[in-house]
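Student: 3D model of this:
(one chain, ligands or ions: 1)
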Amino acid sequence: MELTAKISNYYENLRKKNIETHEKRVEEIYKKIPEVREIDGLIRDIALRASIEQIKNPNQDKSIEQSEKIYTLKLKKMEFLEKEGYPRDYLEEIYTCKDCLDTGINEDNEKCHCLKKLIVSELYDMSSISYMLDKENFDKFDLNVFSEKVYEEFNMSPRENMKNILAISKSFINNFDEKNDVNLLLWGPTGQGKTFLLNCIASELIKKDIIVIYQTAYEILKTIEDRKFKNIDDDKYNLYFESDLLIVDDLGIELVNSFTTSEIFNIINTRLLRGKKTLISTNLSPKELSETYTDRVFSRVFQKFVPIRFFGPDLRWQ
Ligand SMILES: [Zn+2]
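Tutor: Residues are numbered from 1 along each chain as shown. Below is the predicted model of the structure:
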């Protein structure tokens, strides 16, 4: 099923379920506490009479008087409920999310946190991130695996470098909601912990209900091609543009000859223009990138990224 259809289904069922529960409660209470039924009748009566009055004498405003009466009756109703051991709000209308009244859209006309959470959890199924979230997060990040020895020409040990990178990553996470135009380009040879770090950042942000799309460059190209030729996966494609954070893992040289390569840069560029953040990891150096992707769009895109260099012995062989 399409994501949008899935989501509207979800809220529809939620509302249906809550309305049913509410109706059952009313029925239950009416049987147990007949006084509450009487009070509800009185409230309905007042409201009905008020609207008739309103039609007859539109200039006579009695709404304050009426709402006072209704308020007193509601208080009485709550007292009855309390006396029988029910919570005072037992007969209120039920909403699972009070911030959007189970519509998914909040007061500011934006996606509610509950909708964001729903999208993210649906996405776990379609992206490669699902199983990594538990295994790869900052709690599992062990600085000790990085060598303490100054590495080659770098004047710094990989561990020290990684400490700096961790600090940058955490500040990226903590300042994520600020419109500060900070995008990161993680570069360096394979086996330096780039993907692990990306997963840590992703899992931290997902915990804050931020919509994170994590894909390898290859997966993104696959989606773009599927969309072009098979007309599928539009939801995923749209989320490349609309997600709060897009993580492009493993942007490599093999993509250069693909006719859809420029589409990836179109996505990243559009995100930049909309002030949405992107993280990229690659085995290529900024110099290699600029030689590989010579298009002007590419160079403009890369200028907007803070390069973060990874170096050290390959961790995979340790
Ligand atoms: Zn909500």
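
Student: where's Leu315 relative to the ion, distance?
Tutor: As judged by CB to the ion, to the nearest Å, Leu315 and the ion stand 42 Å apart. (C-beta placed from N, C-alpha, C; glycine too.)

Student: right, I mislabeled it, should have said Asn144
Tutor: From Asn144 over to the ion the distance is 42 Å, taken as CB to the ion.

Student: Who are the contact partners of the residue lying closest to that residue once chain neighbours are set aside?
Tutor: In space, Asn144 comes closest to Arg159 once its chain neighbours are excluded; the distance is 7.8 Å by CB to CB, 6 or more residues apart in numbering. Neighbouring residues of Arg159 by CB atoms under 8 Å, 6 or more residues apart in numbering: Leu143, Asn144, Phe146, Ser147, Glu148.

Student: swap in Cys112?
Tutor: Cys97, Asp99, Cys100, Thr103, Gly104, Ile105, Asn106.

Student: I only care about the residues you listed that end up buried; give me the ChimeraX line for that.
Tutor: To isolate in ChimeraX the members of those that are buried, counting by 16 or more other CB atoms under 10 Å, one can use:
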select :97,100,104,106
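
Student: if we look at the ion, which of the contacts of Cys112 are close to it?
Tutor: Cys97, Asp99, Cys100 (CB under 5 Å from the ion).

Student: that older thread, check the contacts of Arg159 and tell me the two furthest apart.
Tutor: Farthest pair in the contacts of Arg159 (CB to CB) is Leu143 and Ser147. Separation: 10.6 Å.

Student: So if I had to pick from the two, which one is more boxed in?
Tutor: Ser147 (17 against 12; other CB atoms under 10 Å).

Student: any idea how far the more buried one is from Lys69?
Tutor: Here the criterion is CB to CB, to the nearest Å. By it, Ser147 lies 78 Å from Lys69.

Student: JSON lines for the contacts of Cys112, including pLDDT, distance to Glu153 and secondary structure?
Tutor: JSON lines is the format used below for the contacts of Cys112 (pLDDT from 0 to 100; distance: CB to CB, whole Å; DSSP: H, G, I helix; E, B strand; the rest coil):
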{"residue": "Cys97", "pLDDT": "95", "distance to Glu153": "55", "secondary structure": "coil"}
{"residue": "Asp99", "pLDDT": "94", "distance to Glu153": "54", "secondary structure": "coil"}
{"residue": "Cys100", "pLDDT": "95", "distance to Glu153": "55", "secondary structure": "coil"}
{"residue": "Thr103", "pLDDT": "94", "distance to Glu153": "58", "secondary structure": "coil"}
{"residue": "Gly104", "pLDDT": "93", "distance to Glu153": "54", "secondary structure": "coil"}
{"residue": "Ile105", "pLDDT": "92", "distance to Glu153": "55", "secondary structure": "strand"}
{"residue": "Asn106", "pLDDT": "91", "distance to Glu153": "53", "secondary structure": "coil"}
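
Student: ok, the contacts of Cys112 vs Asp226, which is closest?
Tutor: Among the contacts of Cys112, and counting by CB to CB, the member closest to Asp226 is Gly104, at 26.9 Å.

Student: Okay, and the closest residue to the ion within the stretch 201-318 of the chain sits in which element?
Tutor: When distances are taken as CB to the ion, the stretch 201-318 of the chain reaches nearest to the ion at Asp209, 10.5 Å away. Secondary structure from DSSP states H and E places Asp209 outside every helix and strand.
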